[in-house]
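S.K.: Have a look; sequence and predicted model below, questions after that.
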Amino acid sequence: MRHRIQTQGLAIIVVAVLAGVFLLVERSSTAQPTTTRLPGARAEVDAAQFPSLQAAMDAIPEDGGVVRLPAGTFEITEPIIVTRGDVLLTGAGTATHIVNRNEDGKPAIILQHSDGGDVKNDDRLWRIMLSNLRVTGNEKSGHGILAVQIQEVFLQGVTVSEHGGDGIQLDHCYEDPRVSDSLITYNKGVGLNLLGCHDIVVSSNQFEENQDALHCLDGFNLCMTGNCIDDHLGEGVVIENTYGSVLSGNMIEECNGTAVVLDRDCYGITISANVIAHNGAGIDLRDAHGCAVSANTLTILKTNALRIGPNSGRITVTGNNISNSYVGEDTVKRRVDDLAAAGITLDGTSELAIVGNSFASVSPHAVELTDNLSKRIVFSSNVLTDVSSEHSHLKDSVITNQLISTPTELDNSTKTRQ
């Protein structure tokens with residue numbers, strides 16, 4: 001009887017084991033990939049398997065694909081050229097470092113059709129993205145990244161530094177160029193140079209110690225938000241012959257030149273909610289119409305927190321704070337050799353609304369007029385504290401309801417806090 005029970009028990013165990021093995025085999029066979037590829041899938045290009053970075057670019061399929069760059073330092077003397085559309089070129093963050101040793105003014109990376117600038121409209125490349133890599137050059141090299149007539153180009157998470165030309169130049173990348181979350185520093189030319197672009201997004205980048213931070217020339221619809229711009233040798237943001245754009249939520253500090261310049265037939269542009277601090281000058285409207293300057297903090301600017309020139313008019317200036325480094329208790333934060341803080345200059349302009357601004361402890365005047373007559377201006381409901389101002393000399397203008405305290409009405413002289 002005991003032998004029969006043992007035999008039955010063994011049989012049950014054997015059956016259970018066999019059933020388990022069958023189930024595992026069944027599951028394994030359904031989970032493992034087959035030799036049949038997913039329809040439409042393209043193999044990725046692993047640049048580590050090629051003798052050069054250019055060889056990896058040349059291996060991109062005609063219809064586009066992904067090129068993965070490994071971590072490492074890769075020295076080049078000729079540009080890396082991408083001539084396919086629908087391409088993602090991505091690295092391992094700043095651990096992927098491309099170093100341009102060229103000293104003949106050639107770029108490090110070029111994105112363009114094989115016909116270059118002569119490409120026909122119908123043949124232009126679309127949708128190339130660069131991400132997660134670092135590109136550096138030298139003072140004799142060319143641009144860091146040059147894209148020529150690439151539609152919907154997208155640069156994200158790239159570090160572009162120390163090039164002899166521009167950090168990034170987008171040359172007539174007309175449709176929807178985007179540059180975000182990138183570090184653009186120490187380039188001899190412009191950090192980001194946008195030539196003939198349209199519907200542009202520049203967001204959440206850091207610019208430092210380029211010649212100028214950003215140019216947008218002959219373009220349309222620039223949306224520049226949330227960028228940090230610091231320590232430039234020349235200007236900050238230069239916009240020319242461009243309309244329908246917004247600069248908002250940017251920090252622009254310590255440019256030797258002017259923080260924001262609008263020139264050459266700009267119109268329909270809003271400059272709002274930026275901090276513009278300690279630059280050679282603040283905002284210069286050299287040739288601009290139908291623009292708004294609102295809710296900016298314009299502080300400790302050496303000259304012209306805002307200048308509106310004779311070729312500009314029909315401007316709204318409202319809700320801005322134009323001030324020095326006063327922090328209360330008759331004290332300023334800046335050193336005695338760094339107290340400059342300018343107001344606004346009106347230079348032969350007209351058709352302005354200057355309403356609801358605060359001018360505090362700026363010099364030589366809250367509003368300074370030049371010998372070029374400025375007229376037809378509404379100057380209303382502004383607060384003027386510890387300043388002199390020439391606004392009362394405006395001609396053919398409406399001047400009402402200012403709240404003014406002159407320097408002689410203050411109780412104590414201002415002290416500095418070291």
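M.R.: Good, I have the coordinates.

S.K.: contacting residues around residue 338?
M.R.: For residue 338, the contacting residues are residue 300, by C-beta atoms under 8 Å, 6 or more residues apart in numbering. For the C-beta atoms, the positions are set from N, CA and C on the backbone; glycine is no exception.

S.K.: what's the helix or strand for it?
M.R.: For residue 338, there is no helix or strand it lies in under DSSP states H and E.

S.K.: Show me how the protein divides into domains.
M.R.: 43-166, 250-418 (automatic domain parsing).

S.K.: Now tabulate those domains in a markdown table and tack on mean pLDDT.
M.R.: Below are these laid out as a markdown table (pLDDT from 0 to 100):
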| stretch | mean pLDDT |
| --- | --- |
| domain 43-166 | 97 |
| domain 250-418 | 92 |
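
S.K.: for those, which one sits closest to residue 174?
M.R.: domain 43-166 (6.5 Å; C-beta to C-beta).

S.K.: what about that closest one, how long is it end to end?
M.R.: When the termini of domain 43-166 are compared using C-alpha to C-alpha, to the nearest Å, they are 34 Å apart.

S.K.: Repeat that for stretch 193-201.
M.R.: 13 Å.

S.K.: can you list contacts of it?
M.R.: 166, 168-180, 202, 214-224.

S.K.: thought residue 145 was touching residue 130?
M.R.: Yes: contact criterion C-beta atoms under 8 Å: residue 145 and residue 130 qualify, at 6.7 Å.

S.K.: Would you quantify the distance from residue 383 to residue 103?
M.R.: To residue 103, residue 383 is 56 Å away according to C-beta to C-beta, to the nearest Å.

S.K.: oh, I was asking about residue 256
M.R.: Distance, residue 256 to residue 103, using C-beta to C-beta: 27 Å.

S.K.: For the residue nearest the centre of the chain, which three-state class applies?
M.R.: Geometric centre of the chain, nearest residue: residue 202, 4.1 Å, by C-alpha atoms, centre = their mean. Judged by DSSP: H, G, I helix; E, B strand; the rest coil, the three-state class of residue 202 is strand.

S.K.: Excluding residues flanking it in the chain, which one is nearest it?
M.R.: Take residue 202 and drop its neighbours on the chain: the residue closest to it by C-beta to C-beta, 6 or more residues apart in numbering is residue 224, 4.6 Å away.

S.K.: can you give me the helices for the protein?
M.R.: Counting by DSSP state H, the chain has helices at residues 2-31, 53-58.

S.K.: List the contacts of residue 318.
M.R.: So residue 318 contacts 292-295, 353-357 (C-beta under 8 Å, 6+ apart).

S.K.: same deal with residue 293?
M.R.: Going by C-beta under 8 Å, 6+ apart, residue 293 touches 271-272, 283, 285, 306, 315-318, 320.

S.K.: again, but for residue 100
M.R.: 76-77, 106-108, 135-138, 141-142, 144, 163.

S.K.: let's go with 6 Å and repeat that
M.R.: By C-beta atoms under 6 Å, 6 or more residues apart in numbering, the residues touching residue 100 are 76, 108, 137, 141.

S.K.: next one: residue 130
M.R.: By C-beta under 6 Å, 6+ apart, the neighbours of residue 130 are 89, 155, 158.

S.K.: Relative to residue 154, how far out is the residue nearest to the last one when sequence neighbours are not counted?
M.R.: Meaning residue 158. Closest residue to residue 158 apart from its sequence neighbours, by C-beta to C-beta, 6+ apart: residue 182 at 4.8 Å. Distance, residue 182 to residue 154, by C-beta to C-beta: 11 Å.
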